[in-house]
Structure formats: structure tokens, C-alpha cells
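Engineer: All I have is the shape, not the residue letters:
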Ligand SMILES: O=C(O)CCC(=O)C(=O)O
Ligand SMILES: [Fe+2]
């Protein structure tokens, strides 16, 4: 199935790639002014930054993904996310669409709930998990705690950089409170470089922590509106912000528009896994700006928002361009098209 690190063909050196800065986690934790400034420009521009010097071990998650996706399809379908009301479990290939005309996707993925793994959900309500997940429970718990801690570090740096009163964002993202946080593993079989494996989207939550070994991810350049491959940086996590956080911060930052294509060059021969931690606000948090006057509009809670966004691309709910347009404008590229400028952010 997916190749080991050592036998992955190199990412081609002759294709244009997205211009994504690398920022040290230590520098964000110490509020280094250049690091805060780099984070703000990235989250108001391309929407992504690489994070070096972080403590998260993601290697075992690639092995877990291999074991999980190798299970026979009928077994995976026992955990299908369509079978209960929560956005957790297995999404099979073709369950979502990648474009306005309804082309099916070629990614399968599996969402693992933070609340079930860390005991926030009462035992009787936890979802059953397949053996590869059960077998890795302690490591997964550690992965979730470490990824969540890194997200808290990023949120603290954003508070500092944007001028949110200290602790306000952190209080809405408590590890021990109910939320839609999840770890995700994905799998795409070898696909030609020009084919879309996962359609263009912004993430729904607060902060996404992504690990890639193979190319395939593309980010939209907000200036040129062109898609650019993201070259994975070994040892770094790739960070982007989601629409829930954009709303909490009154659009002072944006979520990066991205999609997954067949990997470039020689890498197109390989099966591809990615590993993700999606951090979201606690479920009952209303998604309205923490920093602006009340506009009197009823705000959705984080749980309501995630549910709407997460299910919009499932084939059963998808109504073409109408569905895509309804959830637009949190991302920079689209915001520019609609002439929404980022709000001014205080110098870090
Ligand atoms: O596979 C990747 O590199 C990105 C996956 C992604 O964008 C997602 O799962 O939301
Ligand atoms: Fe994504």
C-alpha cells in the first residue's frame, strides 16, 4: 500500500510550488515578533505555514492508516459515518463530490473523535472503532493531546498577534470540554497528477494540523488565483486556519483554500496517506466575532456549523454550485473576489 518514507520518489524539483513560510513552534511560544508577524502574513495570505520544532509524533498514524484502509470494504462500511448522526467514522471513496457538477471523489478517510478517545463522551455513547484504532489507543490519545497542545500554542500566539484579550480563544477550545475535534487519516490510490482526489475547500474548524509525506495537496495563491502544489517539509506540520476561527476573529485572518490532486511527477505512482488533527471550538460556542460590536444576528454554534459544513459535500446533500456558494467567503482567495479586505491587525 502506501510507501515507507525511505522509498518515496522525490517531489519534482521543476514545478512551481506554493510559497509557504516555516515558523518554529518555540518562537511562537515565546511570542518572537518576527514569528508572530510571519504567522499573521501567512494567515492573511496563502493561508498555510509549516511548523517546525513541534512535539507531535505522527509516524505511527501512517502505519495505522495502512492497517485501517487495508481492511475489506464491508468491514470499513460497518463504521460508515452515514450510519449515525455524528461526523465521525468512515467515508468511502465516492461518498463526496469534488466539483459543482457532482464528480465523485477518490479519497477515503476515517475521522476519529477526540471526545471518545479522551473520555469526554460517556462510555455508553462512544462509537465502536475498528481494531487498528483500538490497538493504537494510548498512542492516539497522546497524538490528540500533543496536537491539541500545539493548537493552544498557536491560538495563544494569535491572541497576542491580533490583540485578543489573553485566554479568550483558549477558553473556547478546552481539551476536556465537548467539541467536534477529530484526528483523520486519509487514503487515495495512485491517481494521475491532473485528477482531483479531494475537491477544493476550506476547513471548517479552528486550526488544522496536517502531516504529508507525498505531494498532492495544492493551495490557491490568493494573488494570482492559481493552484500551486505544496512541497512537504519533513518533520514539519502544515498549519492552516478554518472558517470557525475566521468568524471568531471577525475576519482578521482567513482560511486557506486547498484541494488534493494526484501527486506530482514520479510520486503519482504511489498510494497516498495523510494524517490530520482538526481542532474546533467547543460545541456550544456561538460563532460570532470576539472583537467587534454585536450585529444582532443569530449565530450558529460551532457544532451546528460543523454539521452543516461537514455534510454539505456528501452526495445526498449536494446541490451543485448553490451548495458551494452558500459556504464561501471565509477564505482569502474568494474574499478577494468578493472584495472583502482583511481587517487591520495590530503590529506584532
Ligand atoms: O490530504 C491532504 O493533504 C489534505 C486533506 C484535507 O484537506 C482534508 O482532509 O481536509
Ligand atoms: Fe482540508
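Structural biologist: Nice, I can see it. Nothing here was measured: the structure is a model prediction, and the numbers come from that model. Numbers count the residues shown, from 1 in each chain. Ligands and ions are numbered 1, 2, ... in the order given.
Engineer: tell me the strands in the protein, going along the chain?
Structural biologist: 22-24, 48-52, 89-91, 108-113, 182-188, 196-201, 207-212, 217-220, 227-229, 237-241, 258-261, 272-279 (DSSP state E).
Engineer: Compare the mean pLDDT across the ones you listed and name the weakest.
Structural biologist: Confidence, taken as mean pLDDT, is least for strand 196-201 of those (a mean of 84).
Engineer: partners of it in the sheet?
Structural biologist: strand 258-261 (antiparallel) (DSSP bridges).
Engineer: starting at the chain centroid, how far to the partner strand?
Structural biologist: 12 Å (Cα atoms, centre = their mean, to the nearest Å).
Engineer: about what we covered before: select, out of the strands of the chain, the one closest to residue 298.
Structural biologist: In terms of Cβ to Cβ, the element of the strands of the chain nearest to residue 298 is strand 237-241, at 23.8 Å. Placement of C-beta: from N, CA and C, glycine included.
Engineer: Tell me which other helices or strands the closest one touches.
Structural biologist: Where contact means 3 or more Cβ pairs under 8 Å, 6 or more residues apart in numbering; DSSP states H and E, strand 237-241 is packed against strand 48-52, strand 207-212.
Engineer: tell me the angle the last one makes with strand 182-188.
Structural biologist: Computed with axes from the mean of the first three to the mean of the last three Cα atoms, to 10 degrees, the direction of strand 207-212 lies at 30 degrees from that of strand 182-188.
Engineer: ok, residue 182 - how many residues close by?
Structural biologist: 26 (other Cβ atoms under 10 Å).
Engineer: can you check residue 164 too?
Structural biologist: Residue 164, neighbours per other Cβ under 10 Å, totals 20.
Engineer: Now do it against residue 249, distance only.
Structural biologist: Using Cβ to Cβ, to the nearest Å, residue 164 is found at 7 Å from residue 249.
Engineer: Ok, residue 256 next?
Structural biologist: Look at residue 256 and residue 249: by Cβ to Cβ, they are 15 Å apart.
Engineer: ok, the two, which is more surrounded?
Structural biologist: Counting neighbours by other Cβ under 10 Å for residue 256 and for residue 249 shows that residue 256 has the greater number, 28 against 24.
Engineer: Contact partners for that one?
Structural biologist: Contact analysis of residue 256 by Cβ atoms under 8 Å, 6 or more residues apart in numbering lists 46-48, 202, 219-220, 240-241, 331-332.
Engineer: ok, for it, nearest residue in space, not its chain neighbours?
Structural biologist: Once flanking residues are discounted, residue 256 sits nearest to residue 47: 2.0 Å by Cβ to Cβ, 6 or more residues apart in numbering.
Engineer: Look at the closest residue to ligand 1 within the stretch 201-348 of the chain and say how many residues are nearby.
Structural biologist: Residue of the stretch 201-348 of the chain nearest ligand 1, by Cβ to the nearest ligand atom: residue 274 (3.3 Å). Look at residue 274: counted by other Cβ under 10 Å, it has 27 neighbours.
Engineer: In this structure it contacts residue 183, no?
Structural biologist: No: Residue 274 is beyond contact range of residue 183, at 11.3 Å (criterion: Cβ atoms under 8 Å).
Engineer: Distance of whichever residue of the stretch 1-150 of the chain sits closest to ligand 1 relative to residue 293?
Structural biologist: Nearest residue of the stretch 1-150 of the chain to ligand 1 (Cβ to the nearest ligand atom) works out as residue 109 at 6.3 Å. Separation of residue 109 from residue 293 (Cβ to Cβ): 39 Å.
Engineer: Could you check which of these two has the larger neighbour count?
Structural biologist: Under the criterion of other Cβ under 10 Å, the comparison of residue 109 against residue 293 puts residue 109 first, with 25 against 7.
Engineer: contacting residues around that one?
Structural biologist: Listed by Cβ under 8 Å, 6+ apart, the contact set of residue 109 reads 90-91, 184-187.
Engineer: rewinding a little: dump the strands of the chain to a markdown table, plus distance to residue 132.
Structural biologist: What follows is these, written out as a markdown table (distance: least, Cβ to Cβ, whole Å):
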| stretch | distance to residue 132 |
| --- | --- |
| strand 22-24 | 32 |
| strand 48-52 | 27 |
| strand 89-91 | 12 |
| strand 108-113 | 9 |
| strand 182-188 | 9 |
| strand 196-201 | 22 |
| strand 207-212 | 17 |
| strand 217-220 | 24 |
| strand 227-229 | 30 |
| strand 237-241 | 22 |
| strand 258-261 | 22 |
| strand 272-279 | 13 |
